[in-house]
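Trainee: Make a model of this:
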Amino acid sequence: MSQRLIGIAPLSVLGTEPVDFIRAAAKTGYDFVGLRTRPVTATEKDLNLLHGNARQKEVLAALADTGMKVADTEFLAVGEDTGRDLWLPMLEAANALGAQSLTATVTDPDLNRACATLSQLVSDGLDAGITIALEPISYQTVKQLSEGAEVAQQTGCKVLFDTLHFHRAFCARDQIPAALPHMAGMFQICDGITADRATTRDGLIEESRSLRYVPGEGDFPLAECIALLPADMPVSIEVPNPMFAELGLEGYLAHLMTATKQVLAKADALRQAV
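Mentor: Model (predicted):
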């Protein structure tokens with residue numbers, strides 16, 4: 001099996017204190033974590049890591065103690081009024097945490113305006129040493145991986161491949177190799193049931209935020225998709241699921257790791273068979 005770094009996204013255990021998340025990820029064998037530097041929704045528990053606050057200092061101590069790395073930070077919705085006052089503190093926090101990227105999505109219905117905003121964000125990201133990773137989301141303005149690659153080419157950002165939104169946006173598999181020159185330095189994995197695609201935006205949102213499947217426990221062609229990616233591209237597991245409450249923090253992280261490794265092994269076998 002390839003020596004691929006495996007990380008865990010904060011959405012998988014949303015509401016967990018970052019320090020507890022980091023220590024559990026280290027204990028269960030992960031190579032990196034993603035962290036949210038600010039809440040994404042109004043109902044989300046505020047665990048922000050901005051402005052060098054006490055929680056950020058505790059996180060930095062936990063990272064130093066465990067040796068855990070932060071690969072990516074979340075999450076910026078680029079809307080019609082999004083500006084530097086919102087993202088500069090996020091970039092500052094990402095830099096302080098040693099992260100490589102800040103994930104964004106486009107909610108502005110005016111894509112030309114959104115691209116102008118993204119270009120400024122990318123410029124500020126460069127100054128902070130942070131790459132901007134645009135995530136196509138099946139219920140937002142930029143839905144398909146190919147659309148994300150086009151925006152990346154225009155603005156200088158990278159595009160983040162997420163297996164849920166790829167399938168829910170009805171992306172053709174040939175979009176993967178075509179987007180590779182513009183892809184971020186990792187991809188996100190979860191599973192789902194193809195026939196269970198929601199017919200409403202609210203349904204897609206609910207699945208995305210709380211009802212994703214553990215890799216290998218749905219029917220998405222994950223191995224076939226991953227086989228089209230570089231064998232050493234890091235993967236972040238993003239699986240919010242009620243199973244978290246049943247298994248507990250360490251139990252759930254261990255289960256996700258085992259299941260994901262099995263899918264990655266299948267992808268390696270497919271790649272070698274070509």
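
Trainee: Tell me, how many residues neighbour the nearest residue to L249 once chain neighbours are set aside?
Mentor: Leaving aside its sequence neighbours, L249 sits nearest to A24 (CB to CB, 6 or more residues apart in numbering; 4.7 Å). Bear in mind the C-beta positions are built from the backbone N, C-alpha and C, glycine included. A total of 22 residues lie near A24 under the criterion other CB atoms under 10 Å.

Trainee: What residues does A24 make contact with?
Mentor: By CB atoms under 8 Å, 6 or more residues apart in numbering, the contact list for A24 reads 13, 16, 249-250, 253.

Trainee: Quick one: which of these is the most crowded by neighbours?
Mentor: Per-residue neighbour counts (other CB under 10 Å) across those peak at L253, which has 24 neighbours.

Trainee: Report the buried residues of the helix or strand where that one lies.
Mentor: L253 is part of helix 243-273, with elements assigned from DSSP states H and E. For helix 243-273, burial by neighbour count (16 or more other CB atoms under 10 Å) applies to 244, 249, 252-257, 259-261, 263-264, 266-268, 271.

Trainee: Who are the packing partners of it?
Mentor: Applying 3 or more CB pairs under 8 Å, 6 or more residues apart in numbering; DSSP states H and E, we find helix 243-273 packed against strand 6-8, helix 18-27, helix 222-226, strand 235-237.

Trainee: Kindly recompute the last result at 10 Å.
Mentor: For helix 243-273, the elements it packs on are strand 6-8, helix 18-27, strand 183-189, helix 222-226, strand 235-237, judged by 3 or more CB pairs under 10 Å, 6 or more residues apart in numbering; DSSP states H and E.

Trainee: just those: most buried one?
Mentor: strand 235-237 (a mean of 25; mean count of other CB atoms under 10 Å).

Trainee: Sheet partners, orientation included, of that one?
Mentor: According to DSSP bridges, strand 235-237 forms sheet pairs with strand 6-8 (parallel), strand 183-189 (parallel).

Trainee: Next, find the distance separating T41 from K27.
Mentor: 29 Å (CB to CB, to the nearest Å).

Trainee: whoops, D202 was the one
Mentor: Going from D202 to K27 by CB to CB gives 36 Å.

Trainee: Identify the residues contacting the closest residue to H182 other than its chain neighbours.
Mentor: Distances taken as CB to CB, 6+ apart place A152 nearest to H182, at 4.0 Å, with adjacent residues excluded. When the contact criterion is CB atoms under 10 Å, 6 or more residues apart in numbering, the partners of A152 are 118, 122, 132-134, 142, 158-160, 179, 181-184.

Trainee: my guess is A152 is in a strand, correct?
Mentor: No. Applying DSSP: H, G, I helix; E, B strand; the rest coil, one finds A152 to be helix, outside a strand.

Trainee: tell me the pLDDT at it?
Mentor: A152 is assigned 98 on the pLDDT scale.

Trainee: Tell me where the stretch 101-250 of the chain has helices.
Mentor: Applying DSSP state H, counting those that start in this stretch to the stretch 101-250 of the chain gives helices spanning 111-128, 145-155, 163-168, 175-179, 201-210, 222-226, 243-273.
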